[in-house]
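In: What shape does this take:
(one chain, ligands or ions: 1)
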Amino acid sequence: MSPVRPAFIAGNWKMNGALAANAALLEKLRTGLSLAREAAEIAVFPPFPYLDQASRLLAGTAILLGAQDLSDHADGAHTGEVSARMLAEFGCRYVLVGHSERRALRGETDEEVARKFGAARAAGLIPVLCLGETLAERQAGATLDVVFRQLDAVIAAHGISSLRDAVLAYEPVWAIGTGQTAAPEAAEAVHLALRQRLASQDAAAETPRIVYGGSVKADNAARLFAQPNIDGALVGGAALYADDFLAICQAVDP
Ligand code: PEP
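Out: This is a model prediction of the structure:
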């Protein structure tokens, strides 16, 4: 973890939650995080219908709010879609863009992800751009080709400067929800390669945070965070359990 980039820990609830369970989880996070005075910036990403509840329950705390997806359109005849402006109105600071589940299950292309990235920026949201290779791509030695292709689609659409204060989330698809975390050194190698690619195009691009996602748990977080280019975590399953999520947050060195 770098001393200059503030750590970022994001809890992606995916399609989980219920009013009573959310209230209990958020109350435990409020209490646990205010006691611990975290070194990290912490955000939760509930499903759309619970954003209002989470926004109200997190008011006055340091825990930030994010959404899991957004439309690439600003408004209009797009039934079922949710715009960046709507997310901002409900207190979101962040939004996930290009999560591998949306790329794989909803067929989101690199170009669509790039449009969503632009829609987020236009509404003042900070995009968390998810990048990652499948197991087959990794076995074929194509990890960097894949993550660079996904990154370059955003650079081509919006320019390198659009990434300066965004967040990148390197999430190897084979590690998501499987319990198979990437070895910290292997994840670090990808983070370093991404950072070098950004820096080669824009010296000022040293600053984006690059967080790791893929079966981050309380017992592996500290080893991941010890890597110099891993700036935090995008946490799925463990974010649904207050004790586990708090332990991951506390694995960040103050
Ligand atoms: C995710 O949903 O982005 C994720 C990394 O999930 P998990 O931590 O469960 O692997």
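
In: was I right about Glu188 contacting Ile230?
Out: Yes - using Cβ atoms under 8 Å, Glu188 is in contact with Ile230, at 6.1 Å. C-beta: built from backbone N, CA, C; applies to glycine.

In: Now do the residue of the stretch 101-250 of the chain found nearest the ligand against Val44, distance only.
Out: Residue of the stretch 101-250 of the chain nearest the ligand, by Cβ to the nearest ligand atom: Gly236 (2.0 Å). According to Cβ to Cβ, to the nearest Å, Gly236 and Val44 sit 12 Å apart.

In: picking that back up, neighbour count winner among Glu188 and Ile230?
Out: Neighbour count, other Cβ atoms under 10 Å: between Glu188 and Ile230, Ile230 has more, with 25 against 20.

In: Do you have the helices of the stretch 1-150 of the chain handy? List them.
Out: With helices called from DSSP state H, counting those that start in this stretch, the stretch 1-150 of the chain shows them at 19-36, 51-58, 84-89, 100-105, 110-122, 135-139, 143-158.

In: Just list what the fifth one packs against, helices and strands only.
Out: Which is helix 110-122. If you count contacts as 3 or more Cβ pairs under 8 Å, 6 or more residues apart in numbering; DSSP states H and E, helix 110-122 packs onto helix 84-89, strand 94-97, strand 126-131, helix 143-158.

In: which one of these lies closest to Ala169?
Out: Closest approach to Ala169 among the helices and strands packed on helix 110-122 is made by strand 126-131 (4.6 Å; Cβ to Cβ).

In: any idea how far stretch 183-191 is from the chain center?
Out: 17 Å (Cα atoms, centre = their mean, to the nearest Å).

In: again with stretch 136-154
Out: On Cα atoms, centre = their mean, the centre of stretch 136-154 falls 18 Å from the chain's centre.
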